[in-house]
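Undergrad: Show me how the following folds:
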Amino acid sequence: MMRIVISILGVALALAAGPGVAQDNQPGRGALELKTIVQKVVTTTDASGEVKTELVPVDVAVPGDEVVYTVTFVNVGEHSADHILITNPIPREMRYVGGSAFGPGTKIVYSADGGVSYGEPEALRVVATDGSAHIASADEYTHIRWQLTSPLDVGAKGFARFRAVVR
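TA: Coordinates of the predicted model:
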């Protein structure tokens, strides 16, 4: 049985007009504190036959295990932050579960070309080695991007989440 070590994803963040976490006090910019949590979906059946599903911390996963990635963020700056983009790569050893990306107050787009371009699922194209192109399937996505649709006030919190299965 193959064991895969799940690592915390490298999350990219863009605020206002530039990349990175803004640390200055310019209006429209803020400072976000990010945290990524990786949990495994575990289903158990108790003695009475009741099925329970819960999320537990994960360090090692095997093919077929379902994992939930959650990025939490809080505006720790002195001003509201706007134009926030949170970009999360999907690890190569994982297959994105279609339709599972979620983030309250966000617009979600995807990449199937290593994060070079982003779009709605029906607009993503993958070019095969023979030169033919097809609409990308969810398991061909390489990145997910959440764009907050309104400014994040000082002290305000949020989260972005998606599920993936170990290949």
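Undergrad: helices or strands next to the longest strand seen in the chain in the packing?
TA: Determined from DSSP state E, the single longest strand within the chain is strand 32-45. Judged by 3 or more Cβ pairs under 8 Å, 6 or more residues apart in numbering; DSSP states H and E, the packing partners of strand 32-45 are strand 12-15, strand 51-57, strand 66-75. C-beta coordinates here come from the backbone N, C-alpha and C atoms, glycine included.
Undergrad: Please name whichever of those strands is nearest to residue 131.
TA: For the helices and strands packed on strand 32-45, proximity to residue 131 was assessed by Cβ to Cβ; strand 12-15 is nearest, at 30.7 Å.
Undergrad: Rebuild the helices and strands packed on strand 32-45 as CSV, extending it with mean neighbour count, mean pLDDT and distance to residue 95.
TA: As requested, the helices and strands packed on strand 32-45 are exported to CSV (neighbours: other Cβ atoms under 10 Å; pLDDT from 0 to 100; distance: least, Cβ to Cβ, whole Å):
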stretch, mean neighbour count, mean pLDDT, distance to residue 95
strand 12-15, 19, 48, 21
strand 51-57, 10, 94, 18
strand 66-75, 20, 95, 10
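Undergrad: Would you convert the ones you listed into TSV that also reports distance to residue 135?
TA: Converted to TSV, the helices and strands packed on strand 32-45 look like this (distance: least, Cβ to Cβ, whole Å):
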stretch	distance to residue 135
strand 12-15	25
strand 51-57	31
strand 66-75	24
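Undergrad: circling back: with just CA atoms, put the longest strand of the chain into CSV.
TA: Below are the C-alpha coordinates for strand 32-45, written out as CSV (Å, rounded to 0.1, in the frame of the first residue of the first chain):
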residue,chain,number,x,y,z
LEU,A,32,-3.9,39.3,6.1
GLU,A,33,-2.9,36.5,8.4
LEU,A,34,-3.4,33.1,6.6
LYS,A,35,-3.5,29.6,8.0
THR,A,36,-4.0,26.4,6.1
ILE,A,37,-5.5,23.3,7.7
VAL,A,38,-5.5,19.9,6.1
GLN,A,39,-7.9,17.2,7.4
LYS,A,40,-8.9,13.8,6.3
VAL,A,41,-12.5,12.7,5.9
VAL,A,42,-13.1,9.6,8.1
THR,A,43,-16.4,7.6,8.0
THR,A,44,-17.1,5.2,10.9
THR,A,45,-20.0,3.0,11.9
